[in-house]
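Asks: My questions are about this predicted structure, shown below with the sequence.
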Amino acid sequence: SLPPLAVHIQTSRALMVISLLLGFFGIIVSVVGMKCTKVGEEDPVTKSRIAVAGGVLFVLSGLCTLAAVSLYATQVTYEFFRESTVPINARYEFGSALFVGWGAAGLSVLGGSLLCCSCPAKERRGQQYYRQSQPSTSREYV
């Protein structure tokens, strides 16, 4: 049978699964909260609050990803500089997956932050929005 995985790998795996779930639910909530969709409430204030909730889920997803990738990178760094009998050229180094993970975490936090900025202004809360009819641009000539 296989030997058990190290604790830092199991922790990173659990954080990444949590991050994936938060991101998935963040997508669903954000789509419902978009102004251009007809799903859910028609009130723009409620829609923007739903979009902010999706943004919070994206920020949490990005932070979980950042924690998982940084935990693994810390362990790689510790193993690299630890005194051991393994030659330096055979030790682990940062791979491209760590950099992709840091980039993904940064983009997820940035996107979630932008969604959180869609919160309505305080003076507009509670007011109902009505579409104004546009004046006709065609003129009749007599």
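Replies: Received it, and whenever you're ready, just let me know what you need. Numbers count the residues shown, from 1 in each chain.
Asks: Can you check which helix is longest in the protein?
Replies: helix 44-81 (DSSP state H).
Asks: residue ranges with poor pLDDT in this protein?
Replies: Segments of the chain classed as low confidence (criterion: pLDDT under 70) are 1-2, 83-86, 88-93, 120-142.
Asks: SS state for residue 41?
Replies: What DSSP: H, G, I helix; E, B strand; the rest coil gives for residue 41 is coil.
Asks: what's the offset of the strand or helix carrying residue 22 from the middle of its chain?
Replies: Secondary-structure element containing residue 22, defined by DSSP states H and E: helix 7-33. Taking CA atoms, centre = their mean, to the nearest Å, the mean C-alpha location of helix 7-33 is offset from the chain mean by 9 Å.
Asks: Ok, stretch 72-87 next?
Replies: Using CA atoms, centre = their mean, the distance from the centre of stretch 72-87 to the centre of the chain it belongs to is 31 Å.
Asks: ok, now stretch 57-77?
Replies: The chain centre lies 12 Å from the centre of stretch 57-77; the measure is CA atoms, centre = their mean.
Asks: residues of it that come out buried?
Replies: 57-73, 75-76 (16 or more other CB atoms under 10 Å). Quick note: C-beta positions are derived from backbone N, CA and C, even for glycine.
Asks: and the longest helix of the chain, what does it pack onto?
Replies: Contacts defined by 3 or more CB pairs under 8 Å, 6 or more residues apart in numbering; DSSP states H and E place helix 44-81 against helix 7-33, helix 96-116.
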